[in-house]
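>>> After the sequence you'll find the predicted model.
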Amino acid sequence: MVHKLRNIDEFNAFFHQPTLHPLMSVGNLAQAQLTLFEPVDFDMYCVVLMDINFGDLVLGNRIMNYGAGTVFTLRPGQVVSMNLNYAVKPQGWMLAFRPELLEKSGLGRDFHMFSFLQHDVAQALELSAMERGAILNSFANLYAELQTPSDYLTNHMLRLGIGHLLSYCKRFFERQYAERVKHKSDLRQRLDTLIDNYLSSGSTSQTGQPTVAWCAGEFNLSPNYFGDMVRRELQVSAQDYIQQKIVEAAQRLLSDRQLSINAVAEELGFAYANHFTRMFKNNTGLTPLEWRRRNNIM
């Protein structure tokens, strides 16, 4: 059974601590009651620092790889639980904040920067000693601000602190996954090889065109993170890049006078030739037939 939290009061109850702000809180995992680790939808954004391995971490329906000194995040609607190792006491920190905290604020305006919160990853963010120190310092600053008597700057300081912590997470997440693809030429080369091999395999008529999700899986990344990486490194969306590769393959096939346009469409995994014609024209400004005429391939 999944327990869904309704407010910050219910979050704080897990840590036996008072509610110092109605929309956010910081909890020390060493002080949490064990029911925190049963299946829970916190219905809010969370950043969790795991300072020791104390059991299997289950996010959704799969086990997430993590270790001492790692960070993972949650978004509203995600269910998390732990298969506890009762011989090891939990250690770490957990930030939770309600989506309402983002309303009419600079943090809300800039929240699109933290797209990693929408990624479904299989491995927690690994931190160096220096990175862990930065994350711990961010938690400590938020915790200290919550203990400070409230005044007109409280909400501003808390939002700044959350933005600071999320900015560190963004930097460290991008560092971790960028290490898998050292620079943009590597990414372009690997992606070109992947798509070209797929399109020339002869199986597209049965398996369909390459998709963003399929490419992401080949890179061992979530579709969202893969899409962000392609856009950041290649300045084009992953979907548009794949379509460009399909158009290049189409032009090579259209250069063969023996292949009809219907045959080219089928070869590239299009169920209907008119869908192929529309995609080709959207990307080149010409229909396949017009392209053949312009290149004297008739």
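Sure thing, it's come through. Residues are numbered from 1 along each chain as shown.
>>> rest of the way, CA atoms for contacts and neighbours
OK.
>>> And the residue nearest the centre of the chain?
Within the chain, the residue whose C-alpha comes closest to the C-alpha centroid is H119; the distance, by C-alpha atoms, centre = their mean, is 2.0 Å.
>>> For the spatially closest residue to Q123 that is not a sequence neighbour, what are phi and psi?
Spatially, and ignoring its direct neighbours in sequence, Q123 is nearest to N65 (4.6 Å; C-alpha to C-alpha, 6 or more residues apart in numbering). In terms of degrees, to the nearest 10, the main-chain angles of N65 are phi -70, psi 130.
>>> Check the secondary structure at G27 for me.
Following DSSP: H, G, I helix; E, B strand; the rest coil, we place G27 in the strand state.
>>> For F270, give its distance to Q209.
Here the distance between F270 and Q209 works out to 7 Å (C-alpha to C-alpha, to the nearest Å).
>>> where does the closest residue to A238 other than its chain neighbours sit relative to F116, distance-wise?
Beyond its immediate neighbours in the sequence, the residue positioned closest to A238 (C-alpha to C-alpha, 6+ apart) is G227, lying 5.3 Å away. Using C-alpha to C-alpha, one obtains 11 Å as the distance from G227 to F116.
>>> Using CSV, write out every CA atom in the least confident helix or strand in the chain by mean pLDDT.
Confidence across the helices and strands of the chain bottoms out at helix 204-207, with a mean of 76, counting by mean pLDDT, DSSP states H and E. Extracted as CSV, the C-alpha positions of helix 204-207 are listed here (Å, rounded to 0.1, in the frame of the first residue of the first chain):
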residue,chain,number,x,y,z
THR,A,204,13.2,-1.0,-40.2
SER,A,205,10.3,-2.2,-42.3
GLN,A,206,9.4,-4.5,-39.5
THR,A,207,10.7,-2.6,-36.4
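>>> Which secondary structure elements does it sit against?
Here helix 204-207 is seen to pack against helix 261-267 when contacts are counted using 3 or more C-alpha pairs under 8 Å, 6 or more residues apart in numbering; DSSP states H and E.
>>> Now the element after the helix it packs on, going C-ward?
Counting by DSSP states H and E, the element after helix 261-267 in chain order, helix or strand, is helix 273-284.
>>> Distance from that following helix to the middle of the chain?
Its chain's C-alpha centre lies 31 Å from the corresponding centre of helix 273-284 when counted by C-alpha atoms, centre = their mean, to the nearest Å.
>>> And for stretch 207-223?
The gap between where stretch 207-223 is centred and where its chain is centred comes out at 14 Å by C-alpha atoms, centre = their mean.
>>> from memory Q78 sits against D43, does it?
Yes. In this structure Q78 lies within contact range of D43 using C-alpha atoms under 8 Å: 7.5 Å.
>>> what residues are up against E103?
Residues in contact with E103, defined by C-alpha atoms under 8 Å, 6 or more residues apart in numbering, are absent; none qualify.
>>> hang on, the earlier thing: who touches the following helix or strand past the least confident helix or strand of the chain?
On the C-terminal side of helix 204-207, the nearest following helix or strand under DSSP H and E is helix 212-218. Applying C-alpha under 8 Å, 6+ apart, the contact partners of helix 212-218 are L191, L194, I195, S222, P223, F226, G227, A238, Q239, I242.
>>> quick one, the helix or strand where Q239 lies and helix 273-284 angle?
Counting by DSSP H and E, the element that carries Q239 is helix 238-254. Using axes from the mean of the first three to the mean of the last three C-alpha atoms, to 10 degrees, the direction of helix 238-254 lies 110 degrees away from that of helix 273-284.
>>> Output helix 238-254 as PDB - backbone C-alpha positions only.
As requested, the backbone C-alpha atoms of helix 238-254 are provided in PDB (Å, rounded to 0.1, in the frame of the first residue of the first chain):
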ATOM      1  CA  ALA A 238      16.900  14.700 -30.500                       C
ATOM      2  CA  GLN A 239      13.700  14.200 -32.600                       C
ATOM      3  CA  ASP A 240      14.900  16.700 -35.200                       C
ATOM      4  CA  TYR A 241      18.400  15.100 -35.300                       C
ATOM      5  CA  ILE A 242      16.900  11.600 -35.900                       C
ATOM      6  CA  GLN A 243      14.700  13.000 -38.700                       C
ATOM      7  CA  GLN A 244      17.700  14.600 -40.300                       C
ATOM      8  CA  LYS A 245      19.400  11.200 -40.400                       C
ATOM      9  CA  ILE A 246      16.200   9.600 -41.800                       C
ATOM     10  CA  VAL A 247      16.200  12.300 -44.600                       C
ATOM     11  CA  GLU A 248      19.800  11.600 -45.400                       C
ATOM     12  CA  ALA A 249      19.100   7.900 -45.600                       C
ATOM     13  CA  ALA A 250      16.000   8.700 -47.800                       C
ATOM     14  CA  GLN A 251      18.100  10.700 -50.200                       C
ATOM     15  CA  ARG A 252      20.600   7.900 -50.600                       C
ATOM     16  CA  LEU A 253      17.700   5.400 -51.300                       C
ATOM     17  CA  LEU A 254      16.000   7.900 -53.700                       C
END
